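Student: what's the 3D shape of this:
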Amino acid sequence: MSKAKAPTARILHLHSTFAAGGKELRCVRLINAFGPTVEHAIVTGEAGELGAAQHFSRGARVVYPTDFPSLQGKPWPGRLQKLAKAMASYDLVLTYNWGAIDAVFAHTLFKDALGLPPLIHHEDGFNEDEQNGLKWQRNLYRKIALGKTSALVVPSELLEGIALEQWDQPIGRVKHIANGIDTKAFAKKPGPDALRGVIKQEGEKWVGTLAGLRPIKNLPLMVRAFAALPEPWQLVIVGDGPEAEAIREEAAKHNISHRVHMPGFAADPARYVGLFDIFALSSNSEQAPISVIEAMAASLPVVAPAVGDIAHMVADDNRALITTPGDEKALSEAMLELAQDAQKRTRIGRANKERARAEFDETKMIAAYRRLYANAMGRDALT
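Tutor: I've put the predicted structure just below:
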C-alpha cells in the first residue's frame, strides 16, 4: 500500500461554529474545490457544531484538531499567546466572523515575534445584538485586531463600506468577493415530493423561504405578511431554530396554521427550491444571502426587505419588490402582487436566473478565493 502524499499546503480554519450555515457551506465548497493536496484543519468555538462537515466530498482532506486552545474566553495576554503559538505550524490561517476575532488579535500581537503564517479574516454579517447598529467597542476591537491581516474578505458592498469607514481598514486590504453557488444545479424542476415532510399538492402555490428560525430573521412578520394571500397559497419555511413556536403561534393567531408548513432543516436546496413559486425573506439584517442567489438560480421572483445587498443582487425587474425593512404592509403587498400575476412571476424569475448565472456562479467565486489564498502564501497557485 502506498503512503499518502504529504499535503502541499496546510490551512487552519477558525470558526465560531461549523453548523450548516451560509459561510460554513461556502467554506465546504471551497475546500472541496481545492482538492486532496491541501490539508484543512477545522476548529470551532462551539463543540459538536459540525453539521457542515457532512457536505465534504470524499476526496477532501480535513482534520479536526482536539488540542487547539479555545476560541472563547477573555483576551488576556497568556490566552492570546497560546492561540498564536497554535497557529505557527500552518501555511495559512483563515478566521471567520466575530467568534474568531480573539484569534485575529492574537495573530496581530505575536505575528512578528513568532513568525506566524499569513492570516485572512472573513466577515459575513452580524448577530442579533448588532442588527440595529454596530457596537463601538467591537468596532474599536476590530480596528486593532485586524492590524496585521493579509486581507479582510467581505461578500457585500455594505460590509465593504463598513470595513473601510468604521473599521479604518486600508482599501488594499479589503476584498469584496461575492458569494457563489452551482447555479446550473438549480435549473431542474423538482418533483412534488422533493422536500421531505411536505408534498406539494396539485393546484397549490408556495411562498417559500430558507432561514434559521432566529429572531433576526423576523419570521413572525413573514407569517403576518403572508396571511393576506388566499388559498391555494401555502407558506413553507425551511430551517430550524429557537423561534419555531413563535412562528406557529403567529400562524394560529391569523387562522392559517393549515397553510404554514415547517419541515425543519433540509440539506441540498437545489433538490427542492424549485418547488417554490415565490421566494421571500423578512430578515432584520442580511448581507448577501446565499438563499437569494439559490432562489434566483431556480428562476424565482424574490420578495424581501432592502437589507444588505439584496436590492443590488436581484435583476432590475425584481427591484420594485424589495421593500422597506420592517414594513409588513409593503412585504404583504409585494407577495400579493406576484401571487395574482403568474406571467410576472415567470418573467422576473427568468431575469433572476440569467443574473445569477452571470454574476453569482461559484466558478467565479472559487477562482477569486484560490488567487487570494495563493497570493497570501506567496504562491502562483493553490494546488
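Student: Got phi/psi on Gly208?
Tutor: For Gly208, the backbone dihedrals (degrees, to the nearest 10) come out as phi -130, psi 150.
Student: tell me the pLDDT at it?
Tutor: In this model, Gly208 is scored at 97, pLDDT.
Student: Is there a neighbour count for the residue nearest to it when sequence neighbours are not counted? I'd like the number.
Tutor: Computed as CB to CB, 6 or more residues apart in numbering, the closest residue to Gly208 that is not its neighbour in sequence is Phe276, at 3.3 Å. For every residue, glycine as well, the C-beta is placed using N, CA and C. Residues lying near Phe276 (other CB atoms under 10 Å) number 25.
Student: Which strand residues bridge Leu12?
Tutor: Under DSSP bridges, the beta-bridge partners of Leu12 are Ala41, Val93.
Student: isn't it right up against Leu92?
Tutor: Yes - judged on CB atoms under 8 Å, Leu12 makes contact with Leu92 at a distance of 7.2 Å.
Student: hey, what's in contact with both of those two?
Tutor: Common neighbours of Leu12 and Leu92, using CB atoms under 8 Å, 6 or more residues apart in numbering, do not exist here.
Student: quick one: which helix or strand includes Ala367?
Tutor: According to DSSP states H and E, Ala367 maps onto helix 362-376.
Student: I meant Ile348, not that one.
Tutor: Ile348 is part of helix 342-359 when elements are defined by DSSP H and E.
Student: helices and strands around that helix, which ones?
Tutor: In terms of contacts (3 or more CB pairs under 8 Å, 6 or more residues apart in numbering; DSSP states H and E), helix 342-359 is packed against helix 290-297, helix 328-339.
Student: Can you tell me which of those is packed in deepest?
Tutor: Of the helices and strands packed on helix 342-359, the one with the most neighbours on average (mean count of other CB atoms under 10 Å) is helix 290-297, at a mean of 26.
Student: Residues contacting that helix, please?
Tutor: 22, 25-26, 179-181, 183-187, 209-211, 269-270, 273, 276, 279, 281, 302, 304, 310, 313-315, 352-353, 355-357, 360.
Student: could you give the angle of that helix to helix 362-376?
Tutor: Orientation check (axes from the mean of the first three to the mean of the last three CA atoms, to 10 degrees): helix 290-297 against helix 362-376 gives 140 degrees.
Student: Check which element follows helix 290-297 along the chain.
Tutor: Sequence-wise, the next helix or strand downstream of helix 290-297 (DSSP H and E) is strand 302-305.
Student: Past that following strand, which element shows up next along the chain?
Tutor: Immediately after strand 302-305, counting by DSSP H and E, sits helix 310-313.
Student: Which one, of the helices and strands packed on helix 342-359, ends up nearest to Asn32?
Tutor: When the helices and strands packed on helix 342-359 are ranked by proximity to Asn32, the top entry is helix 290-297, at 15.6 Å, counting by CB to CB.
Student: how far away is the closest residue to Lys344 other than its chain neighbours from Gly115?
Tutor: Using CB to CB, 6+ apart and skipping residues adjacent in sequence, the residue nearest Lys344 is Leu338, 6.3 Å away. For Leu338, the distance to Gly115 equals 57 Å [CB to CB, to the nearest Å].
Student: what do you get for Pro263?
Tutor: Counting by CB to CB, the gap from Pro263 to Gly115 is 51 Å.
Student: Tell me where the model's unsure across this structure.
Tutor: Applying pLDDT under 70 to the chain picks out residues 1-4, 127-132.
Student: domain assignment for it?
Tutor: The chain breaks down into these domains under automatic domain parsing: 9-180+362-376, 183-359.
Student: now those as TSV including distance to Leu382?
Tutor: TSV is the format used below for those (distance: least, CB to CB, whole Å):
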stretch	distance to Leu382
domain 9-180+362-376	4
domain 183-359	22
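Student: Run through the bridge partners of Val63.
Tutor: Under DSSP bridges, the beta-bridge partners of Val63 are Ala41.
Student: picking up where we left off before, filter the contacts of helix 290-297 down to the buried ones, PyMOL style.
Tutor: PyMOL command restricting these to the buried ones, with burial defined by 16 or more other CB atoms under 10 Å:
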select buried, resi 22+25+26+179+180+181+183+185+186+209+210+211+269+270+273+276+279+281+302+304+310+313+314+315+352+353+355+356+360
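Student: Report the separation between the nearest residue to Ala351 once chain neighbours are set aside and Leu372.
Tutor: Closest residue to Ala351 apart from its sequence neighbours, by CB to CB, 6+ apart: Ala315 at 3.7 Å. Here Ala315 is placed at a distance of 28 Å from Leu372 (CB to CB).
Student: quick one on the thing from earlier: which residues sit in contact with the residue nearest to Ala351?
Tutor: 296, 348, 351-352, 354-355.
Student: As CSV, the residues you listed with distance to Ala86 would be great.
Tutor: Formatted as CSV, those follow (distance: CB to CB, whole Å):
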residue, distance to Ala86
Met296, 40
Ile348, 49
Ala351, 48
Asn352, 44
Glu354, 46
Arg355, 43
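Student: Alright, I will stop here.
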